[in-house]
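Provided below are the primary sequence and the corresponding predicted coordinates.
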Amino acid sequence: MSEWIEACAADDIDEEDLIRWDHDGGPFAIYHTEEGFFATDGYCTHQQAPLADGVVIGTVIECPLHQGRFDIGTGKALRAPVRIDLCTYPVKVENGIVFVKI
Ligand code: FES
């Protein structure tokens, strides 16, 4: 059963940036975009590069290793070499705290 987990303070992530969040054995990526906060798996689906080292461009994350791209909100693979979509997770912000539903 999934539940809301407290991840970080909203202030911990600059707009148009992301952080790595380690929880339950896996890294996740939490993003602050112009459209709000989002969360995905922390590794690229191509060759497992850590997305926290990537670049946020609007609502897109660009992988640091081969510059594959994903839509941050949907996880959809947008640019080769990535072909497998990224898992995404619901996010909410309450009283300045970011919660992720895992
Ligand atoms: S590891 Fe991300 S594009 Fe290759």
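Ah, there it is.

Briefly note if stretch 16-27 comes near the ligand.
No - judged by CB under 6 Å from any ligand atom, stretch 16-27 and the ligand are separated, with a smallest distance of 13.9 Å. The way it works is simple: take the backbone N, C-alpha and C, and place the C-beta from them, glycine included.

Quick one: mean pLDDT for that stretch?
The pLDDT scores in stretch 16-27 average 95.

What's the end-to-end length of it?
19 Å (CA to CA, to the nearest Å).

Next, the buried residues of that stretch.
Judged by neighbour count using 16 or more other CB atoms under 10 Å, the buried positions of stretch 16-27 are 18-19, 21.

who touches it?
Stretch 16-27 is contacted from outside by 5, 7-8, 12-13, 28-34, 39, 41-43, 50-52, 54, 56-58, 61, 100, 102, using CB atoms under 8 Å, 6 or more residues apart in numbering.

contacting residues for F28?
By CB under 8 Å, 6+ apart, the contact set of F28 is 7, 20-22, 39-42, 89, 100, 102.

Quick one: buried ones out of the contacts of stretch 16-27?
5, 7, 13, 28-33, 39, 41-43, 51-52, 54, 56, 61, 100.

near the ligand, from those residues?
Of these, not one also sits near the ligand (CB under 6 Å from any ligand atom).

Would you map the strands across the protein?
Secondary structure of the chain (DSSP state E): strands at 4-9, 17-23, 26-33, 36-41, 55-57, 60-62, 69-71, 77-79, 88-89, 91-94, 97-101.

What angle do strand 17-23 and the first one make with each other?
Our comparison of strand 4-9 with strand 17-23, counting by axes from the mean of the first three to the mean of the last three CA atoms, to 10 degrees, yields an angle of 130 degrees.

Strand partners (parallel or antiparallel) of strand 4-9?
strand 97-101 (antiparallel) (DSSP bridges).

mean confidence score for the strand it pairs with?
Throughout strand 97-101, pLDDT has a mean value of 98.

Pull out the buried residues from it.
Those would be 98-100, for strand 97-101 by 16+ other CB under 10 Å.

Show the low-confidence segments of this protein, by residue range.
For the chain, applying pLDDT under 70 flags no range at all.

for the buried residues of stretch 16-27, which one is nearest the ligand?
Proximity of those to the ligand (CB to the nearest ligand atom) peaks at L18, which lies at 14.3 Å.
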